[in-house]
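S.K.: need a structure here:
(one chain, ligands or ions: 2)
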Amino acid sequence: MNVRSGRALPLAPLLPPDYPPPLQNPLHSTNLTQAPPMHPIQCRCGALRGAVTPDGTSNRVRCFCTDCRAFVRHLGQGEAGLDAQGGVGLVHVAQARLRFTAGQEQLAALRLSPRGMLRWHTRCCGTPVGSTLADPKISFIGLNELALDRGRLDADFGAAVAQVNTDTALGAPKPAGSGLFMTMVRGTVIIGGARLSGAWRQSPLFDGAGAPVVPPVVLAKDEVARLKGMDGAPAASA
Ligand SMILES: [Zn+2]
Ligand SMILES: [Zn+2]
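M.R.: Ligands and ions are numbered 1, 2, ... in the order given. Below is the predicted model:
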């Protein structure tokens, strides 16, 4: 019975009356099923502003390594930026997902050693923005939660937070390490995806020649030693 009616069925009635559909401006969020909103990036004083686009793989990590801690302390953000055991909250995303809309001239970069990671921060108020490698083709950034909207982290990046480098956490007992394997898997997806698609070229942190948009400053050895020596200071927090 389908054969007869199917053969007789004219094509036009199957199509909606306004076919082809009108082109939609993707920036108009009239469709509620569209992608979720961008996650805001902002330094503490508000001069640097931007966002993380909602598409793509991310990792939430609490890192207890001595370098992440020294970076936050150097900026004078140890109070806000370190948890009771010296952990730093990070969100790893592809650099191509970063958008800066204001105050990009406030961006600066430092390294704890001549070959260390590039640790991006703001001149205006010393907010740690995030850390990258110096090779622009390995195009992830570990964004510091201080530059993000901490009320929206669960919604935008998931509630699961891996704990890494827990052997150098402060105090005892050490927090349990967790989530390292999936963090590495997703990290491979973030980096590999940007490499294969060429999206690494769209990083706002590196210029067309692959150089950082701001030349990084290497901290003096004695300053790094001072910052790391604070680990050995008597615990001030309960
Ligand atoms: Zn600022
Ligand atoms: Zn770290």
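
S.K.: got any ranges where this structure has weak pLDDT?
M.R.: Within the chain, the stretches with pLDDT under 70 are 1-35, 233-238.

S.K.: can you list the strands that the biggest strand by length in it pairs with?
M.R.: Longest strand in the chain by number of residues (criterion: DSSP state E): strand 88-94. With DSSP bridges as the test, strand 88-94 is paired with strand 59-63 (antiparallel), strand 140-144 (antiparallel).

S.K.: now Ala134: how far from Pro114?
M.R.: Applying CB to CB, to the nearest Å, the value for Ala134 to Pro114 is 10 Å. In this view, the C-beta of every residue, glycine as well, is placed from N, C-alpha and C.

S.K.: meant to ask about Gln202
M.R.: Here Gln202 is placed at a distance of 28 Å from Pro114 (CB to CB).

S.K.: which residue packs closest to the residue nearest the centre of the chain, ignoring adjacent ones?
M.R.: Central residue of the chain (CA atoms, centre = their mean): Leu143, 3.6 Å from the mean position. Nearest residue to Leu143, sequence neighbours excluded (CB to CB, 6 or more residues apart in numbering): Gly130, at 4.2 Å.

S.K.: give the bridge partners for that neighbour, please.
M.R.: Counting by DSSP bridges, Gly130 forms beta bridges with Trp120, Leu143.

S.K.: can you pull out the strands in the protein?
M.R.: So, for the chain - with DSSP E - the strands run 39-42, 49-52, 59-63, 88-94, 98-102, 107-111, 118-122, 128-132, 140-144, 162-164, 217-218.

S.K.: nearest to ligand 1, of these?
M.R.: Closest of the strands of the chain to ligand 1 is strand 118-122, at 4.4 Å (criterion: CB to the ion).

S.K.: now tell me what touches that closest one from outside.
M.R.: Outside strand 118-122, the residues that touch it by CB atoms under 8 Å, 6 or more residues apart in numbering are 43, 45, 47-48, 71, 75, 103, 106-112, 127-134, 141, 205, 212, 216.

S.K.: next, work out how far apart Phe206 and Ala134 are.
M.R.: Applying CB to CB to Phe206 and Ala134 gives a distance of 9 Å.

S.K.: related to what we said a few turns ago, which of Ala134 and Pro114 has more neighbours?
M.R.: Ranked by neighbour count (other CB atoms under 10 Å), Ala134 and Pro114 place Ala134 first, with 16 against 7.

S.K.: how about CSV for the strands of the chain, with distance to Ala225 added?
M.R.: Below are the strands of the chain laid out as CSV (distance: least, CB to CB, whole Å):
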stretch, distance to Ala225
strand 39-42, 31
strand 49-52, 34
strand 59-63, 20
strand 88-94, 19
strand 98-102, 32
strand 107-111, 15
strand 118-122, 17
strand 128-132, 20
strand 140-144, 23
strand 162-164, 23
strand 217-218, 14
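
S.K.: looking at these, which is nearest to ligand 2?
M.R.: For the strands of the chain, the distance to ligand 2 is smallest for strand 59-63, at 3.3 Å, taking CB to the ion.

S.K.: distance from the chain centre to the closest one, please.
M.R.: 10 Å (CA atoms, centre = their mean, to the nearest Å).

S.K.: so Phe157 sits against His39, correct?
M.R.: Yes - counting by CB atoms under 8 Å, His39 is a contact partner of Phe157 at 7.4 Å.

S.K.: show me what contacts the closest residue to Leu90 other than its chain neighbours?
M.R.: Spatial nearest neighbour of Leu90, chain neighbours left out: Gly142 (4.2 Å); criterion: CB to CB, 6+ apart. For Gly142, the contacting residues are Val61, Cys63, Leu90, Val91, His92, Gly130, Ser131, Thr132, by CB under 8 Å, 6+ apart.

S.K.: and for Met117?
M.R.: Going by CB under 8 Å, 6+ apart, Met117 touches Asp67, Arg111, Ser131, Thr132, Leu133, Ala134.
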